[in-house]
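*Asks:* coords please:
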Amino acid sequence: MLRRNDGAVSMAESTTVTIADITSFKKKALQWANYFGTVCLLDSNDYPHAKNKSKDWVLAVDAVDELNCGADAFEKLKVFQANAGTTIFGFLTYDLKNQVEKLESRHEDRLGFPELYFFKPRYVIEVGGNKVTINRNYPETFELIELIQKLEIKKEPGQTHELKLRATTPTAKYLENVERIKTQIKEGDFYELNYCTEFYAENTIINTIETFNRLNENAKAPFSAFFKHDGKYLMCASPERFLKKEGSKLISQPIKGTIKKGVTKDEDDALKVQLQLDLKERAENVMIVDLVRNDLAKSSIAGSVEVEELFGVHGFKNVNQMISTVTSELSPDTHFVDAIKNAFPMGSMTGAPKIEVMKNIERYEDVKRGLYSGSVGYITPNGDFDFNVVIRSIFYRGTTKYVSIQAGGAITYDSIPEKEYDEILLKAKGMMIALNAELV
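*Replies:* You can find the predicted model right below:
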């Protein structure tokens with residue numbers, strides 16, 4: 001569905017001011033934005049090792065135009081972006097796979113995010129260092145920065161007790177499924193499958209802003225995001241980029257390989273070396289790199305696909321990750337939206353070969369992924385874009401008071417089921433801390 005509100009104004013000039021307490025301003029700005037029905041915050045957290053970083057911190061607020069659709073989503077996105085005349089923000093859910101390939105999603109959807117949603121914002125606030133820039137499309141924007149600075153950070157009503165999360169898939173069934181997946185790998189059905197599971201709570205009220213702030217401060221991830229639309233919330237602390245376009249250059253940075261942080265620098269350095277030399281983790285990573293190379297090749301000039309970094313180990317606040325960087329040059333005959341479509345869903349969240357494993361993901365998992373392992377980002381008027389991978393995330397549906405987190409990992413020939421489950425719990429730890437939650 002396309003919707004346009006009267007009174008839209010084309011992008012005009014912007015104004016920039018210097019703010020002394022930028023940390024406080026960011027929190028106040030998000031609190032102010034949450035009074036609107038549609039909000040998107042993208043935060044790089046000043047991550048020092050994020051290659052090809054684009055926006056440091058950008059807050060898009062209130063939908064002047066919006067695209068909310070299921071069928072023919074990618075074609076409708078082309079039209080919506082071409083008519084927007086400014087940067088648009090939005091998300092793509094995992095279940096768009098059914099439009100990319102002949103697949104289906106049969107599981108229950110308890111969160112209800114639309115398959116694809118993009119909006120043209122009324123207000124855009126960007127922060128770089130201690131400088132704040134705001135678009136001046138509307139008369140009231142002259143006063144917004146001052147208004148936000150005068151706000152008091154309020155504690156909104158919400159969760160007041162420890163949250164009890166339940167597993168949709170019981171531990172015993174998860175371990176059994178890992179063994180079944182390994183059997184299929186041994187029989188040659190596929191090489192690697194990303195198997196995910198959900199932890200959830202019902203009849204729960206949470207303070208979404210406070211929860212996101214705790215999650216974000218605890219993780220300091222380079223592709224963090226807060227998204228609100230139609231009473232549904234995403235609170236995301238993703239370390240992973242799906243795909244970026246800058247000029248004609250495409251950049252993808254798949255993650256495969258996770259290990260805990262060390263208590264001391266020496267221990268942490270040793271753990272990084274351990275991860276980089278781990279044969280299983282390297283095998284997982286290189287399989288996904290090959291898949292990404294193939295995905296980018298569909299949209300790129302022949303011979304332009306390159307692996308700029310292979311098996312790079314990068315430190316985050318709570319874990320160390322193995323990240324590779326794959327680049328290419330977009331073919332002049334390919335629309336940039338088709339480049340997104342040709343690489344979606346991202347290989348790091350499916351496995352290889354992609355179509356076969358997506359069929360089996362539907363077989364083994366017990367809930368619809370929806371926005372989990374989808375992507376949030378922006379597209380500029382000239383067709384540049386940057387999208388994350390929606391992992392390390394908390395989802396909340398306010399109308400039904402449903403809270404969900406999902407986590408997963410790549411299952412390969414030599415996976416040990418109990419270790420795979422431990423890795424899931426390690427990945428979920430940051431979300432559980434932010435929610436003040438425990439598993440029951």
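
*Asks:* residue 334 - that's part of a helix, no?
*Replies:* No - per DSSP: H, G, I helix; E, B strand; the rest coil, residue 334 lies outside any helix segment and is coil.

*Asks:* run a quick neighbour tally on it.
*Replies:* If you count neighbours by other CB atoms under 10 Å, residue 334 ends up with 15. The C-beta positions use only the backbone N, C-alpha and C, and glycine is treated the same way.

*Asks:* next one: phi and psi at it?
*Replies:* Here the main-chain torsion angles of residue 334 (degrees, to the nearest 10) amount to phi -110, psi 130.

*Asks:* that one is in contact with residue 299, isn't it?
*Replies:* Yes - counting by CB atoms under 8 Å, residue 334 does reach residue 299; the two are 4.6 Å apart.

*Asks:* shared neighbours, those two?
*Replies:* Residues within reach of residue 334 and of residue 299 at once, by CB atoms under 8 Å, 6 or more residues apart in numbering, are residue 342.

*Asks:* give me the buried positions along stretch 122-141.
*Replies:* Across stretch 122-141, burial judged by 16 or more other CB atoms under 10 Å covers 122-127, 132-138, 141.

*Asks:* ok, residues contacting stretch 217-225?
*Replies:* Contact with stretch 217-225 is made by 40-45, 47, 49-50, 53, 215-216, 234, 236-241, 316-318, 376, 388-390, 392, 430, 433-434, as judged by CB under 8 Å, 6+ apart.

*Asks:* now, of the residues you listed, which are buried?
*Replies:* Among the contacts of stretch 217-225, the ones that count as buried by 16+ other CB under 10 Å are 40-45, 47, 50, 53, 215-216, 234, 236-241, 316, 318, 376, 388-390, 392, 430, 434.

*Asks:* just the ones in helices from these, please.
*Replies:* Judged by DSSP state H, helices contain the following of those: 215, 216, 430, 434.

*Asks:* determine which two of these are furthest apart.
*Replies:* Within those, 216 and 430 form the most distant pair, 9.9 Å apart (CB to CB).

*Asks:* give the residues shared as contacts by those two.
*Replies:* residue 237.

*Asks:* quick check: residue 319 touching residue 257?
*Replies:* No - counting by CB under 8 Å, residue 257 is not a contact partner of residue 319; they are 10.1 Å apart.

*Asks:* so which of these two has more stuff around it?
*Replies:* Taking neighbours as other CB under 10 Å, residue 319 and residue 257 compare with residue 257 leading, 24 against 21.

*Asks:* and the closest residue to residue 123 other than its chain neighbours, what does it touch?
*Replies:* Excluding the flanking residues, the one nearest residue 123 by CB to CB, 6 or more residues apart in numbering is residue 61, at 4.3 Å. By CB under 8 Å, 6+ apart, the contact set of residue 61 is 33, 36, 38, 39, 121, 122, 123, 124, 125.

*Asks:* show me what contacts the last one?
*Replies:* Going by CB under 8 Å, 6+ apart, residue 125 touches 29, 58, 59, 61, 132, 133, 134, 144, 145.

*Asks:* so which of the residues you listed sit within strands?
*Replies:* For those, membership in strands holds for 58, 59, 61, 132, 133, 134, with DSSP state E as the criterion.

*Asks:* what's the closest of those to residue 19?
*Replies:* Of all the ones in strands among the contacts of residue 125, residue 19 sits closest to residue 132, with 5.3 Å by CB to CB.

*Asks:* and the pLDDT at the spatially most central residue of the chain?
*Replies:* Centrality entry for the chain: nearest residue to the mean C-alpha point is residue 390, 2.3 Å, by CA atoms, centre = their mean. Looking at residue 390, its pLDDT is 98.

*Asks:* for residue 3, same thing?
*Replies:* pLDDT, residue 3: 35.

*Asks:* which parts of stretch 276-289 count as buried, going by neighbours?
*Replies:* 276, 278, 281, 282, 283, 284, 285, 287, 288, 289.

*Asks:* will you turn those into TSV that also has pLDDT and distance to residue 69?
*Replies:* Below are the buried residues of stretch 276-289 laid out as TSV (pLDDT from 0 to 100; distance: CB to CB, whole Å):
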residue	pLDDT	distance to residue 69
276	92	43
278	92	42
281	88	38
282	92	40
283	87	38
284	86	34
285	91	34
287	90	33
288	91	29
289	94	32
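
*Asks:* ok, residue 260 - how many residues close by?
*Replies:* Residue 260 sits with 16 neighbouring residues when counted by other CB under 10 Å.

*Asks:* let me know whether it touches residue 316 as I believe.
*Replies:* No - counting by CB under 8 Å, residue 260 sits too far from residue 316 to count as a contact (10.8 Å).

*Asks:* picking that back up, the buried ones among the contacts of stretch 217-225 in strands, which ones?
*Replies:* If you go by DSSP E, the buried ones among the contacts of stretch 217-225 have 40, 41, 42, 43, 234, 236, 237, 238, 241, 376, 388 in strands.

*Asks:* got phi/psi on residue 284?
*Replies:* phi -60, psi -50.

*Asks:* what bits of the stretch 101-250 of the chain have low per-residue confidence?
*Replies:* Applying pLDDT under 70 to the stretch 101-250 of the chain flags the ranges 156-160.

*Asks:* do that again at 50, thanks
*Replies:* Filtered on pLDDT under 50, the stretch 101-250 of the chain yields no residues whatsoever.

*Asks:* so residue 342 sits in a helix?
*Replies:* Yes - Residue 342: assigned to a helix according to three-state DSSP.

*Asks:* number of residues surrounding it?
*Replies:* The burial count assigned to residue 342 is 18, neighbours taken as other CB under 10 Å.

*Asks:* per-residue confidence at the residue nearest to it when sequence neighbours are not counted?
*Replies:* Among residues not flanking residue 342 along the chain, residue 298 sits closest, at 4.2 Å (CB to CB, 6+ apart). Per-residue confidence at residue 298 stands at 97 (pLDDT).

*Asks:* residue 14 too?
*Replies:* pLDDT, residue 14: 79.

*Asks:* beta partners for it?
*Replies:* residue 135 (DSSP bridges).

*Asks:* against residue 226, how distant is it?
*Replies:* For residue 14, the distance to residue 226 (CB to CB, to the nearest Å) stands at 22 Å.
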